[in-house]
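Colleague: requesting a structural model of the entry that follows:
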Amino acid sequence: MGDSKPPVIVAVIEDDAPSRIAMGRLLQASGFEPLLFESAEAYIEASAEAACVIVDVHLPGMSGIELQRRLHAAGPLPPVIVTTSSHQAIIKERAEQNGCAAFFWKPVDGGALTAAIASLANH
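Modeller: Below you'll find the predicted structure:
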(Lines give C-alpha, C1' and ligand atoms only; values in the text may rest on other atoms or scores of the structure.)
Protein backbone atom coordinates (compact mmCIF):
# COMPACT_ATOMS: atom_id res chain seq x y z
CA MET A 1 0.00 0.00 0.00
CA GLY A 2 1.37 3.41 -0.93
CA ASP A 3 1.29 6.62 1.06
CA SER A 4 -1.05 8.31 -1.40
CA LYS A 5 -2.80 11.20 0.24
CA PRO A 6 -6.52 11.69 -0.27
CA PRO A 7 -7.37 14.45 -2.74
CA VAL A 8 -7.68 17.98 -1.37
CA ILE A 9 -11.36 18.96 -1.16
CA VAL A 10 -12.10 22.36 -2.69
CA ALA A 11 -15.53 24.00 -2.37
CA VAL A 12 -16.54 26.10 -5.38
CA ILE A 13 -19.36 28.59 -4.84
CA GLU A 14 -20.38 30.05 -8.18
CA ASP A 15 -23.90 30.86 -9.40
CA ASP A 16 -23.05 30.69 -13.12
CA ALA A 17 -23.51 27.00 -13.98
CA PRO A 18 -21.08 26.85 -16.96
CA SER A 19 -18.37 28.59 -14.88
CA ARG A 20 -19.04 26.33 -11.88
CA ILE A 21 -18.85 23.17 -14.02
CA ALA A 22 -15.71 24.35 -15.84
CA MET A 23 -13.99 25.15 -12.54
CA GLY A 24 -14.99 21.75 -11.19
CA ARG A 25 -13.49 20.03 -14.24
CA LEU A 26 -10.29 22.06 -13.96
CA LEU A 27 -9.92 21.16 -10.28
CA GLN A 28 -10.66 17.49 -10.89
CA ALA A 29 -8.14 17.35 -13.76
CA SER A 30 -5.59 18.95 -11.41
CA GLY A 31 -6.05 16.24 -8.79
CA PHE A 32 -8.41 18.08 -6.42
CA GLU A 33 -11.85 16.93 -5.30
CA PRO A 34 -14.32 19.74 -6.10
CA LEU A 35 -17.59 20.27 -4.24
CA LEU A 36 -19.83 22.57 -6.29
CA PHE A 37 -22.42 24.97 -4.87
CA GLU A 38 -24.64 27.51 -6.65
CA SER A 39 -24.99 29.80 -3.61
CA ALA A 40 -23.39 30.71 -0.29
CA GLU A 41 -26.51 29.44 1.47
CA ALA A 42 -26.19 26.03 -0.23
CA TYR A 43 -22.57 25.82 0.95
CA ILE A 44 -23.50 26.73 4.53
CA GLU A 45 -26.43 24.29 4.54
CA ALA A 46 -24.19 21.46 3.34
CA SER A 47 -21.74 22.02 6.23
CA ALA A 48 -19.05 21.00 3.76
CA GLU A 49 -15.57 20.27 5.07
CA ALA A 50 -13.18 21.75 2.54
CA ALA A 51 -9.46 22.47 2.63
CA CYS A 52 -10.07 25.56 0.50
CA VAL A 53 -13.09 27.61 -0.59
CA ILE A 54 -13.38 29.44 -3.93
CA VAL A 55 -16.21 31.96 -3.90
CA ASP A 56 -17.57 34.38 -6.47
CA VAL A 57 -18.35 37.86 -5.14
CA HIS A 58 -21.70 38.33 -6.86
CA LEU A 59 -24.11 35.58 -5.86
CA PRO A 60 -27.88 35.53 -5.46
CA GLY A 61 -28.71 36.04 -1.79
CA MET A 62 -25.60 36.26 0.35
CA SER A 63 -22.57 37.70 -1.46
CA GLY A 64 -19.19 36.02 -1.51
CA ILE A 65 -17.78 38.83 0.65
CA GLU A 66 -20.55 38.32 3.24
CA LEU A 67 -19.89 34.56 3.26
CA GLN A 68 -16.20 35.24 3.75
CA ARG A 69 -17.04 37.59 6.65
CA ARG A 70 -19.31 34.97 8.27
CA LEU A 71 -16.77 32.18 7.90
CA HIS A 72 -14.07 34.39 9.41
CA ALA A 73 -16.32 35.30 12.38
CA ALA A 74 -17.12 31.63 13.01
CA GLY A 75 -13.52 30.82 13.87
CA PRO A 76 -10.75 28.96 12.10
CA LEU A 77 -11.67 28.82 8.46
CA PRO A 78 -10.29 27.21 5.37
CA PRO A 79 -8.41 29.57 3.07
CA VAL A 80 -10.84 31.55 0.92
CA ILE A 81 -10.07 32.43 -2.69
CA VAL A 82 -12.30 35.21 -4.03
CA THR A 83 -13.16 35.60 -7.72
CA THR A 84 -15.11 38.32 -9.52
CA SER A 85 -15.81 39.65 -12.97
CA SER A 86 -16.33 43.15 -11.55
CA HIS A 87 -13.05 45.00 -11.96
CA GLN A 88 -13.63 47.46 -9.12
CA ALA A 89 -10.70 47.99 -6.78
CA ILE A 90 -13.04 48.34 -3.77
CA ILE A 91 -14.17 44.72 -4.18
CA LYS A 92 -10.58 43.48 -4.01
CA GLU A 93 -9.95 45.73 -1.00
CA ARG A 94 -13.00 44.34 0.84
CA ALA A 95 -11.99 40.76 0.09
CA GLU A 96 -8.47 41.41 1.36
CA GLN A 97 -9.76 43.20 4.48
CA ASN A 98 -11.78 40.06 5.23
CA GLY A 99 -8.65 37.93 4.95
CA CYS A 100 -8.93 36.26 1.56
CA ALA A 101 -5.99 33.99 0.83
CA ALA A 102 -6.00 34.89 -2.88
CA PHE A 103 -8.00 37.07 -5.26
CA PHE A 104 -8.62 36.52 -8.98
CA TRP A 105 -10.32 38.66 -11.59
CA LYS A 106 -12.35 36.67 -14.13
CA PRO A 107 -11.58 35.06 -16.41
CA VAL A 108 -9.48 33.17 -13.88
CA ASP A 109 -6.11 31.81 -15.01
CA GLY A 110 -6.48 28.07 -14.34
CA GLY A 111 -2.78 27.47 -13.76
CA ALA A 112 -2.50 30.33 -11.28
CA LEU A 113 -5.65 29.17 -9.48
CA THR A 114 -4.54 25.55 -9.09
CA ALA A 115 -1.06 26.70 -7.99
CA ALA A 116 -2.64 28.93 -5.33
CA ILE A 117 -4.82 26.06 -4.08
CA ALA A 118 -1.86 23.67 -3.94
CA SER A 119 0.17 26.25 -2.02
CA LEU A 120 -2.68 26.94 0.44
CA ALA A 121 -3.52 23.26 0.95
CA ASN A 122 0.08 22.51 1.95
CA HIS A 123 0.08 25.02 4.80
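Colleague: rest of the way, CA atoms for contacts and neighbours
Modeller: Noted.
Colleague: so when I look at Leu27, I'm seeing a strand, right?
Modeller: No. Counting by DSSP: H, G, I helix; E, B strand; the rest coil, Leu27 is located in no strand; its state is helix.
Colleague: isn't it right next to Glu33, touching?
Modeller: Yes. Contact criterion CA atoms under 8 Å: Leu27 and Glu33 qualify, at 6.8 Å.
Colleague: check what pLDDT the residue most central in space within the chain gets.
Modeller: Nearest to the mean C-alpha position of the chain, by CA atoms, centre = their mean, lies Ile54 at 0.6 Å. Each residue has a pLDDT score; the one for Ile54 is 97.
Colleague: do Leu59 as well
Modeller: So Leu59 comes in at 96 (pLDDT).
Colleague: Ile44 too?
Modeller: 92.
Colleague: tell me how far the helix or strand of the chain with the lowest mean pLDDT lies from the chain's centre.
Modeller: Across the helices and strands of the chain, mean confidence by mean pLDDT, DSSP states H and E is lowest for helix 64-73: a mean of 88. How far helix 64-73 lies from its chain's middle: 12 Å, per CA atoms, centre = their mean, to the nearest Å.
Colleague: quick one, which of Leu27 and Glu33 is more surrounded?
Modeller: Between Leu27 and Glu33, counting by other CA atoms under 10 Å, Leu27 is the more crowded of the two (22 against 19).
Colleague: that one and Pro34, how far apart?
Modeller: Computed with CA to CA, to the nearest Å, the distance linking Leu27 and Pro34 is 6 Å.
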